[in-house]
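Q: pasting the sequence and the predicted coordinates here, then a few questions.
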Amino acid sequence: MDLLTYFQKVEEGFCGRRGAPLLLSPLDFAKAAEWYDAGVGVDVVLEGLNRYFERLEQRKVPLKRAICLSFAEDQILDAMESRRTAAVGRAAGLDEPTEAPALRVRAFLEDAEKRCRSFVEDPARGREFPIVSRYLEEVMESLESLMDETARPFSELEKTLAPLDMELGRLVLLESPAQQVKVWREAAADRLREAGGVPDPAAARSTVERLAKQSAMKHLELPRLSLLYLDA
């Protein structure tokens, strides 16, 4: 499934549950692009959207107040967690059972902490990316503090992890050589055009920036910290 088809399915699911037409914003498109790039299946997103609207209905909140995809991200994380728990149940009794969600999250955090430490302990990286290196010290402290809290719901853990991920990506682009950042942005724009393009310029810019950030993180072998990337 290409990016535009993915977004159209998400948009249809959101607007269909809302019960009224709504043009999703450029930020919504960029958010959907992030889910797509993280490998979050469209079925998981749609399940999360259904949970979100069911919650609004239970609380008797007017559905017209559902105006942003980001509002449903906690429920999408809950859907991811439920699917992992169900997978553990299906695997019970097998020779190689699927890891419990809490164990998988801990492994995710440990890997992220290890990769951050590798970056920080590299003198060349420290000279080239001093701001990123200093920030990674804070990131590692936060990751270590979460190691014994992995049984908490994904949505609660994400409240700590998502801001760390966003700021790290911003700093990586800020400190990377301008010519290299230009290459990443051009590659992201090409990828978007190959997917059919985005008519809204603001949506295109925001999506290109998110995709460029992902390329930068991969290039520097830095981890994505959001649980959206748990299975990426």
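A: Right, received. Where do you want to start? Numbering: from 1, shown residues only.

Q: run the chain-centre distance for stretch 131-140.
A: Distance, stretch centre to chain centre, for stretch 131-140: 20 Å (C-alpha atoms, centre = their mean, to the nearest Å).

Q: pLDDT on it, on average?
A: The average pLDDT for stretch 131-140 rounds to 97.

Q: check which residues of it are buried.
A: 132-133, 135-136, 139-140 (16 or more other C-beta atoms under 10 Å). Glycine gets a C-beta too; all of them are placed from N, C-alpha and C.

Q: so which of those residues are in helices?
A: 132-133, 135-136, 139-140 (DSSP state H).

Q: rebuild those as JSON lines, extending it with distance to Ala212.
A: Shown next, in JSON lines, are those (distance: C-beta to C-beta, whole Å):
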{"residue": "Val132", "distance to Ala212": "16"}
{"residue": "Ser133", "distance to Ala212": "21"}
{"residue": "Tyr135", "distance to Ala212": "19"}
{"residue": "Leu136", "distance to Ala212": "20"}
{"residue": "Val139", "distance to Ala212": "20"}
{"residue": "Met140", "distance to Ala212": "25"}
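
Q: Ala162: which of these is nearest?
A: Val139 (12.5 Å; C-beta to C-beta).

Q: residue contacts, the closest one?
A: 116, 164, 168, 225 (C-beta atoms under 8 Å, 6 or more residues apart in numbering).

Q: then Cys116?
A: 136, 139-140, 143, 222-223.

Q: what about it, helix or strand, and which?
A: Element membership of Cys116, judged by DSSP states H and E, is helix 101-120.

Q: show residues contacting whatever helix or strand comes next after that helix.
A: Using DSSP H and E, the helix or strand that follows helix 101-120 in sequence is helix 123-128. Outside helix 123-128, the residues within contact range by C-beta under 8 Å, 6+ apart are 119-120, 132-133, 175, 220.

Q: run the chain-centre distance for the lengthiest helix in the chain.
A: Counting residues, the longest helix found in the chain (DSSP H) is helix 154-175. With C-alpha atoms, centre = their mean as the basis, helix 154-175 stands 9 Å off its chain's centre.

Q: quick one: mean pLDDT over that helix.
A: Average pLDDT, helix 154-175: 94.

Q: starting from that helix, tell me the next helix or strand along the chain.
A: Using DSSP H and E, the first helix or strand after helix 154-175 is helix 178-194.

Q: extract the CA atoms of that following helix and return them as PDB.
A: Presented in PDB, the C-alpha positions along helix 178-194 are these (Å, rounded to 0.1, in the frame of the first residue of the first chain):
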ATOM      1  CA  ALA A 178      23.200  21.700   5.500                       C
ATOM      2  CA  GLN A 179      24.100  19.900   2.200                       C
ATOM      3  CA  GLN A 180      23.300  16.500   3.700                       C
ATOM      4  CA  VAL A 181      20.000  17.800   5.100                       C
ATOM      5  CA  LYS A 182      19.200  19.100   1.600                       C
ATOM      6  CA  VAL A 183      19.800  15.600   0.200                       C
ATOM      7  CA  TRP A 184      17.500  14.000   2.700                       C
ATOM      8  CA  ARG A 185      14.700  16.500   2.100                       C
ATOM      9  CA  GLU A 186      15.000  16.100  -1.700                       C
ATOM     10  CA  ALA A 187      14.900  12.300  -1.400                       C
ATOM     11  CA  ALA A 188      11.800  12.700   0.800                       C
ATOM     12  CA  ALA A 189      10.200  15.000  -1.700                       C
ATOM     13  CA  ASP A 190      11.000  12.500  -4.500                       C
ATOM     14  CA  ARG A 191       9.400   9.700  -2.500                       C
ATOM     15  CA  LEU A 192       6.300  11.700  -1.900                       C
ATOM     16  CA  ARG A 193       6.100  12.500  -5.600                       C
ATOM     17  CA  GLU A 194       6.500   8.900  -6.500                       C
END
